[in-house]
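Q: Need a 3D model of the following:
(one chain, ligands or ions: 1)
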Amino acid sequence: MANEASTRLADVRANIAKACKPSRREIDGVTLIAVSKTHPAEKITPLLEAGHRVFGENRVQEAQEKWPLLRETYPDVELHSIGQLQSNKADEAVALFDCIHGLDRPSLLKALAKAMDNTGKRVPCFIQVNVGEEEQKGGCAVADVPALIERARNADIPFAGLMCIPPFDIEPAPFFALLAKLAADNGLDGLSMGMSGDYETAVMLGATHVRVGTALFGARG
Ligand SMILES: *Cc1c(COP(=O)(O)O)cnc(C)c1O
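A: Residues are numbered from 1 along each chain as shown. From the prediction side, this is the model:
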């Protein structure tokens with residue numbers, strides 16, 4: 001299993017490097033977040049042993065169950081919250097995570113700011129943008145992005161950039177390009193975009209953070 005994990009990791013890294021070439025980007029400019037949601041610690045350990053340190057989880061409770069113990073052995077792990085976050089989980093999220101990708105509304109922003117003020121731990125956040133304007137999906141409407149950025153700055157929330165999950169089953173490139181433009185228009189560098197099926201495209205369009213699960217861990221059960 002250790003071998004398989006390091007092979008998958010090497011493959012994904014090589015694909016990212018290839019995708020960096022056309023735009024002459026450095027692979028160091030792309031953070032690979034290994035999305036370990038639903039996978040038990042036994043499946044995560046081989047990647048840690050292969051030297052990987054940046055992981056993503058989408059549920060606070062599941063992350064609390066798995067990561068404190070893993071962190072005893074690997075204290076330099078960087079844990080990203082990539083899912084929808086409920087405001088009543090803000091305290092726990094700020095305590096557990098090193099970066100939060102799902103900031104998408106003023107109520108959550110307030111809760112996160114309060115949690116950061118209380119603990120003195122300031123966690124960088126990505127604003128999630130609903131690039132496909134899908135009703136059922138989380139994310140801030142494109143038109144509301146500048147106002148939310150302004151609020152985050154006023155609340156002294158460290159700002160990581162913009163994040164999106166494009167609509168399922170259609171070509172994602174136009175949505176990645178839209179997110180990149182929104183970031184540029186607002187003077188932001190960080191772009192969290194791209195999953196197992198489309199991370200190379202995302203990197204070509206400027207992703208600084210890709211969130212890859214299946215390509216590293218295999219299918220989720
Ligand atoms: C699950 C998930 C991913 C990873 O998806 P894969 O297709 O398995 O790579 C990335 N981003 C978010 C927000 C997710 O929920």
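
Q: Write out the residues of the chain neighbouring the ligand.
A: With the criterion set to C-beta under 6 Å from any ligand atom, the chain comes near the ligand through 35, 37, 58, 82-83, 165, 195-197, 211-215. To be clear about C-beta, it is placed using only N, CA and C from the backbone, and glycine gets the same treatment.

Q: Take these and lay them out in TSV including pLDDT and neighbour count.
A: Shown next, in TSV, are the residues of the chain next to the ligand (pLDDT from 0 to 100; neighbours: other C-beta atoms under 10 Å):
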residue	pLDDT	neighbour count
35	98	25
37	97	17
58	97	20
82	97	28
83	89	21
165	97	24
195	98	19
196	97	16
197	97	13
211	98	24
212	98	22
213	98	21
214	97	13
215	97	18
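
Q: What is the nearest of these to residue 51?
A: Closest approach to residue 51 among those (C-beta to C-beta): residue 212, at 15.8 Å.

Q: can I assume the closest one is in contact with residue 195?
A: Yes: here residue 212 reaches residue 195: they are 6.4 Å apart, a contact under C-beta atoms under 8 Å.

Q: what's in contact with the longest helix anywhere in the chain?
A: The residue-count maximum for a helix in the chain (DSSP state H) belongs to helix 2-20. Residues from elsewhere that reach helix 2-20, judged by C-beta atoms under 8 Å, 6 or more residues apart in numbering: 26-27, 29-30, 32, 34, 46-47, 49-50, 52, 199-201, 203-204, 210, 212, 215-217.

Q: any idea what sits nearest residue 159, other than its immediate chain neighbours?
A: Excluding its sequence neighbours, the residue lying closest to residue 159 (C-beta to C-beta, 6 or more residues apart in numbering) is residue 152, at 5.7 Å.

Q: How many residues are close by the one you found?
A: For residue 152, the neighbour count with other C-beta atoms under 10 Å is 20.

Q: for this structure, which spans come out with low pLDDT?
A: 1-2 (pLDDT under 70).

Q: so which helix or strand takes in the residue nearest to residue 159?
A: helix 145-154 (DSSP states H and E).

Q: Quick check: which helices or strands does that helix pack against?
A: With contacts taken as 3 or more C-beta pairs under 8 Å, 6 or more residues apart in numbering; DSSP states H and E, helix 145-154 sits against helix 106-119, strand 125-128, strand 159-163.

Q: Could you give me the buried positions within that helix?
A: Residues of helix 145-154 classed as buried: 145, 148-149, 151-152 (neighbour count, 16 or more other C-beta atoms under 10 Å).

Q: now that helix: how far from the chain's centre is it?
A: The chain centroid and the centroid of helix 145-154 are separated by 19 Å under C-alpha atoms, centre = their mean, to the nearest Å.
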